[in-house]
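Student: coordinates for the following, if possible.
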Amino acid sequence: MKFTRCGIHGFHEVLGIDAEEIRVHWALESDVKNESQIAYRVVLSTSKEALVSGNQDHNNVEWDTGYIESSEQRNIVCKPHFKSTCSYFWKVTVWNHLKEPHHSTVQHFFTGYPRSRLLPPYSMNQTYMPHSSLIFRTWFEDEANRWKAVWIGDGGDKPIYLRKSFELSHAPIRAVLFASGLGHFNMSVNGHAASNHRLDPGWTNYHRRVQFTSYDVTDRLTTGENVLGAHVGNGFYAGDKGEDRFFWPMYEDNTYVRYGNELCFFCELHLFYDDGTHETLISDPSWRVWKSATTLANIYASETHDRRLYPRNWHSPGFDDAEWPLAKPLTGPRGHIYYQTQPPVMLHDTFEPVETRSPRPGIVCFDLGQNASTMVKIVVEGISGSEVIIRYSETVKEDGTVLMPDPLFKEFETGVFSRLYLAGTGKPETWEPDFSFTSARYIQVEGVSLDGKDGLPIIHSAVGRHISSAARKLGSMTTDKEDVNSLLNALYWTFSSNLFSYHTDCPQIEKFGWLEVTHLLAPATQYIRDMEALYTKILDDILDAQEPNGLVPTMAPEIRYMCGPLHDTITWGCALCLLPDILRRFYGSTHVIAKVYPAAVRYMDYMRTKERKGGLIEHGLGDWGRDIAFGNHQANIETAIYYQCLQCVEMMARELGEIEEAEKFKQWAARIYKVYNSHLLVTDDKSRPYAYYTSLDNFPGRDRTAIAQAMALQLGLVPPEYSQDIMAAFIDDVSDGRIRAGEIGLRFLFNTLADAKRPDLVLQMARQEEHPSYMRFLRRGETTLLEFWQDECRSKCHDMLGTIYEWFYVAGLGLNPTEDGYRSFAIDPPYEAEFGYVKGQVDSPYGLIEIEFQRKEPKTVNLRLRVPFGTTAMVKLPTSMKEVEVMSDGQLQKVCENNDLPLSHGLYTMVIKS
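Tutor: Numbering: from 1, shown residues only. Prediction:
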């Protein structure tokens, strides 16, 4: 038995942890059949040597669970009294069924300062307050647990370079750098990037919360001169439209209000030496500052960069910064400082052009072959002062030039571009954006040529580099149907292109954190990336956005104020209540519940004030995206989500031991259940052979839509005696194989079709010749999903219609978790689907799950399965099954009973005969 993974819930990186407690987890594997974990012990220490040697005495052990008889591998609480800026080491020991111990490698994390601490204004200890020092005595006496750095900059709102040169007489044994720059910053040490991060820190409501990031720079420091460098740009913190660019928060009504007007930066470099000493170098007015060669940093893929202004080697030792003025101490943002919990944003795949053409002199167009969130990179050569314009698009005209197909958003076509001025070095010059990104398949470069004719600069290359969350990639899937594989590919790139420090609606035109996608797409997104840490951060964003009366707005962070249902819609705001349950079900983690529960209670109290007819919720966006409209099925959808929220709040109350509160929410939900059925369930329609649910859209007229039935079925609102009737009504409405759903109803539509075992209808819907249709997108050459069921949209990398991805894994691959964190899961292969071959894998919290399905002949199916250690798989067998041959560890077992087949960890090859 060996450890394959250890981690801390809710943290992707662990070099600045500022929580009062941590919860650890681990994954195991074993080749021994039926081996199990019967006990564990977690020891936390400030001494790595103590854990390696096993000599754990009371002087350095900070937490010890002791020997705990349990098979649990997740959600293990450790709550020592953490010291600030200190290295901690931890190790797990588990015992197998023979009571043999097995040890993990020693794990490490580094602590920051206690949460909710502000950086001290420079004036507090330097300028005009020495006479009032007693007021601040407690702050300065707590030296070990306070920030020492101050915010610095040049007092302006244009990008800046900051540098600090310092001498080291000998190299430290550990060097950890805490830093933040608003809006975004790139950090360097001795001329080299401090990490592969992009767009640090993650976007938050900077009035409430500011994230810092941390880097281990031990190997980057040397004896003698060293240099810390920071390049700071605007982001959303001090958004800059520029004179001629598009900036969405200022579009139409100009409601955007900057968080701050001064770009600012802070850092602390913690140096630890072999003699036990600890030295801290901080950002202060001794740093030097200079205006950046990037003179405009508009996050909407619009930058201006003048290579003539670039101070070469500015961030390296030996650079003469005597002309650089000293930095100014700044007030900085209002928000408290927190460690960046979510995965950083980083560059992934590189897209080389599949086609290059020059439609007219001075313009070169590149087709990257794949639409995706991207930071472009170009290499161009020309004379000094040459102006090069770089445009980006998801759509092009017939001649290959960029096009915004929506006439209402032509400003996006003309106002999103980057401007580059060449230095004219006589060599190829490389440009890539520092602080912006977009979604693009096409790159249009103006003011260049392919061959240098007409005296224009030569464009040597242009590529797109996919930018997305650094969260661990989890799943993959392929089938024997090429159109399905193409759709799976388009879905993957759409999902991956919308994951940053928040889950955006699209990486191109809006970039906002609309909340409905976080919960609607969570069961699908879990097959793309490990979302636990990102959802943890998104919940913090939601808590920061919640209003005093309990309302949760439709986006977080809330970049511009929306009104009416675009501000107050439970199918968006419900993410506050649903995400903790999603983290529990898919990741086996409850670490967020204590902080979310009070806010969730306040939200339910607010929603109670919006009840109508005794408990219905009838305001909101309805099934948004259906016929590119809203307002339909409000009573059905909003009330059903209300009911689901109440159940999740009940779960949280029980988890916290608040039994009386849990009972209150249980009764509250029961009341909504009763009201829902009294107003929406139709049992007296003699024109129908069954009961059904109606909407109230045309009251007192009755309709019988698939979405009304699906919402009730999926969320447990159907009285048991009517469940067959409601499924019959559902099948009646979908039997023509047409999609009649917006983004909210779509997930419930596909999940109900999965329960009904009707893969034929799902694939018929996907393959429709006319919209709504997924395959129509692909037939028209799209490589990602569009915002609406239209041939041309303003946004062509919208994931809100992507819930069919969940169906492919649940009903196509046949994988469905049945216990928290995949502790147990069902495998129900597509026996009744058209697929002859399906193969996929998901790296679950307990380890890798693999499924390979192959139809050898009409009456024989081969299955190859991998079941992770610590889990149980329940294989669903077809009703027509006569015999199953199961091969594992060289042993053959024959099964003739037509029951579900339980499997413990291991590799299995099965032949199912009907």
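
Student: what helix or strand is Trp324 on?
Tutor: Applying DSSP states H and E as the criterion places Trp324 outside every helix and strand.

Student: kindly provide the distance from the nearest residue to it once chain neighbours are set aside to Leu221.
Tutor: What sits nearest to Trp324 in space, not counting adjacent residues and going by C-beta to C-beta, 6 or more residues apart in numbering, is Arg288, at 3.8 Å. In this view, the C-beta of every residue, glycine as well, is placed from N, C-alpha and C. According to C-beta to C-beta, to the nearest Å, Arg288 stands 19 Å off from Leu221.

Student: what's near enough to touch Thr639?
Tutor: Listed by C-beta atoms under 8 Å, 6 or more residues apart in numbering, the contact set of Thr639 reads 615-618, 672, 675-676, 680.

Student: may I see the buried residues of the one helix or strand Lys674 maps to?
Tutor: Using DSSP H and E, Lys674 sits within helix 659-680. Of all the residues in helix 659-680, those buried under the rule 16 or more other C-beta atoms under 10 Å are 661-662, 664-665, 668-669, 672-673, 675-677, 679-680.

Student: could you dump those residues into a markdown table with pLDDT and distance to Phe82 added?
Tutor: Shown next, in a markdown table, are these (pLDDT from 0 to 100; distance: C-beta to C-beta, whole Å):
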| residue | pLDDT | distance to Phe82 |
| --- | --- | --- |
| Glu661 | 97 | 30 |
| Ala662 | 98 | 31 |
| Lys664 | 98 | 35 |
| Phe665 | 98 | 34 |
| Trp668 | 98 | 38 |
| Ala669 | 98 | 39 |
| Ile672 | 98 | 42 |
| Tyr673 | 98 | 45 |
| Val675 | 98 | 48 |
| Tyr676 | 98 | 47 |
| Asn677 | 98 | 51 |
| His679 | 97 | 52 |
| Leu680 | 98 | 52 |
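
Student: need those in CSV (columns: distance to His108).
Tutor: Listed next are the buried residues of helix 659-680 as CSV, based on distance: C-beta to C-beta, whole Å:
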residue, distance to His108
Glu661, 39
Ala662, 39
Lys664, 44
Phe665, 41
Trp668, 46
Ala669, 44
Ile672, 48
Tyr673, 49
Val675, 54
Tyr676, 51
Asn677, 55
His679, 57
Leu680, 55
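
Student: tell me which two in the contacts of Thr639 are the farthest apart.
Tutor: By the measure C-beta to C-beta, Glu618 and Ile672 form the most distant pair in these, at 12.9 Å.

Student: ok, back up a step: tell me the contacts of the residue nearest to Trp324?
Tutor: Arg288 touches 162-164, 321, 324-327, counting by C-beta under 8 Å, 6+ apart.

Student: can you select the buried ones from the residues you listed in ChimeraX?
Tutor: Here is the ChimeraX command that picks out the buried ones among these, judged by 16+ other C-beta under 10 Å:
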select :162,163,164,321,324,327
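
Student: next, give me the two most distant ones among the contacts of Arg288.
Tutor: Most distant of the contacts of Arg288, by C-beta to C-beta, are Lys164 and Pro325, 13.7 Å apart.

Student: what's the separation between the closest residue to Cys365 other than its chain neighbours and Asp320?
Tutor: Nearest residue to Cys365 in three dimensions, chain neighbours excluded: Gly400, at 4.0 Å (C-beta to C-beta, 6+ apart). Using C-beta to C-beta, we find Gly400 at a distance of 46 Å from Asp320.

Student: which of the two has more neighbours?
Tutor: Using other C-beta atoms under 10 Å, the more surrounded residue of Gly400 and Asp320 is Gly400, with 20 against 9.

Student: what about that one, which SS state?
Tutor: Counting by DSSP: H, G, I helix; E, B strand; the rest coil, the backbone at Gly400 sits in coil.

Student: how about the contacts made by it?
Tutor: 357, 359, 365, 367, 442, 444.

Student: could you pull out the strands in the stretch 101-250 of the chain for me?
Tutor: With strands called from DSSP state E, counting those that start in this stretch, the stretch 101-250 of the chain shows them at 101-103, 107-110, 152-153, 160-168, 174-182, 184-189, 192-193, 197-198, 209-216, 224-233.

Student: gap between the fourth one and the chain center?
Tutor: Right, the one you point to is strand 160-168. 33 Å (C-alpha atoms, centre = their mean, to the nearest Å).
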